[in-house]
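Whatever this is, show me its structure:
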Amino acid sequence: MLNAQKDIVSKLQKDILAWQGFSLPKVNNVNSMGLGPLESAFPNGIFPTGTIHEMLCYTLNNTAATCGLLSGLLASLMAQGGTSIWISTSRKLYPSALGAFGVDAGRFIFIDVQRERDILWVMEEALKCEGLAAVIAEIKEVSFAQSRRLQLAVETSKVTGFLLRNDAKKLGATTCMARWQVTPLPSALEEHMPGVGLPRWQVKLLRVRNGTPGCWNLQWTGDSFLSFDEQLQQETLTTIRQVG
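Residues are numbered from 1 along each chain as shown. Below you'll find the predicted structure:
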């Protein structure tokens, strides 16, 4: 009888999410995040979902660049359905900017807490909800034990978590799958177009569990990522065709 009641409650929770316009993400159905050669750094060449990623942001410029890259990643994760939660004490993200990366800000739940110590608790509870595509938390410090609790939560729910380490002082060991550092690069203007071009980043994977750390230059094309090498190859081919 007890199991039957749990099944009824679980089904009702899923129905309520559907009525509210949130569909459950298809677990482990993200084969590629469109990161090009960067994805080869991960085990089996696949971006690891259902785990925790740590992103270092030492300056406001780093934070803005990281939010941009993360928005592109979320576009792929949220394409499978579900909503995302963003937790912080002083949010650095401008929600409307998500639209530039194909992400609907209306599918986000923003939780602003007053105390830094509450962020990880809220994140842990959120990560236990299978109806989410991702959980992002802006926080300065995280201990090994705290990261372990987050990892245990996602091992059951398969939700992907991101820790944005704003102004991090201590870089001790954690259970996070990867440690990222994103730096903004000058954008490239499209031919004959004035203003600001599409965003570019230098992306470093400082640590990857069972993977290969490295450094890559990426550009957002409007709907996907492109490495600089691929960009140069395309520009060269275009030039050859024009000359020919």
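
per-residue pLDDT, the closest residue to Pro186 other than its chain neighbours?
Excluding the flanking residues, the one nearest Pro186 by C-beta to C-beta, 6 or more residues apart in numbering is Arg200, at 6.8 Å. Just so you know, the C-beta spots here come from the backbone N, C-alpha and C atoms, and that holds for glycine as well. pLDDT, Arg200: 91.

where exactly do the helices run in this protein?
2-19, 60-78, 116-127, 144-157, 228-243 (DSSP state H).

ok, for the residue most central in space within the chain, nearest residue in space, not its chain neighbours?
Among the residues of the chain, Leu70 comes closest to the average C-alpha position under C-alpha atoms, centre = their mean, at 4.0 Å. Computed as C-beta to C-beta, 6+ apart, the closest residue to Leu70 that is not its neighbour in sequence is Phe162, at 6.2 Å.

cool, Leu98 as well?
In space, Leu98 is closest to Ala105, 4.8 Å off (C-beta to C-beta, 6+ apart).

Low-confidence ranges, the protein, go.
Along the chain, segments meeting pLDDT under 70 span 1-6, 9-31, 190-195, 228-244.

if we can go back for a sec, gap between the residue nearest to Pro186 and Arg91?
24 Å (C-beta to C-beta, to the nearest Å).

again with Thr66
Per C-beta to C-beta, Thr66 is found 13 Å from Arg91.

Centre of the chain to stretch 210-218, how far?
Distance of stretch 210-218 from the chain centroid (C-alpha atoms, centre = their mean, to the nearest Å) equals 16 Å.

Report the buried residues of that stretch.
Gly211, Trp216, Asn217, Leu218 (16 or more other C-beta atoms under 10 Å).

quick revisit: OK, contacts around the residue nearest to Leu98?
Taking C-beta atoms under 8 Å, 6 or more residues apart in numbering, we find Ala105 in contact with Pro95, Ser96, Leu98, Gly99.

Same question for Gly172.
Counting by C-beta under 8 Å, 6+ apart, Gly172 makes contact with Ser143, Phe144.

what does Asn62 give?
The contact partners of Asn62, taken as C-beta under 8 Å, 6+ apart, are Leu56, Gln181, Val182, Thr183, Pro184.

Give the burial count for the fourth one, as a bare number.
Each residue near Thr183 was counted by other C-beta atoms under 10 Å, and the total is 17.

partner residues bridging the residue lying closest to it once chain neighbours are set aside?
If the residues on either side of it in the chain are set aside, Thr183 comes closest to Gln202, at 4.5 Å by C-beta to C-beta, 6+ apart. Assessed by DSSP bridges, Gln202 has beta-bridge partners Thr183, Asn217.
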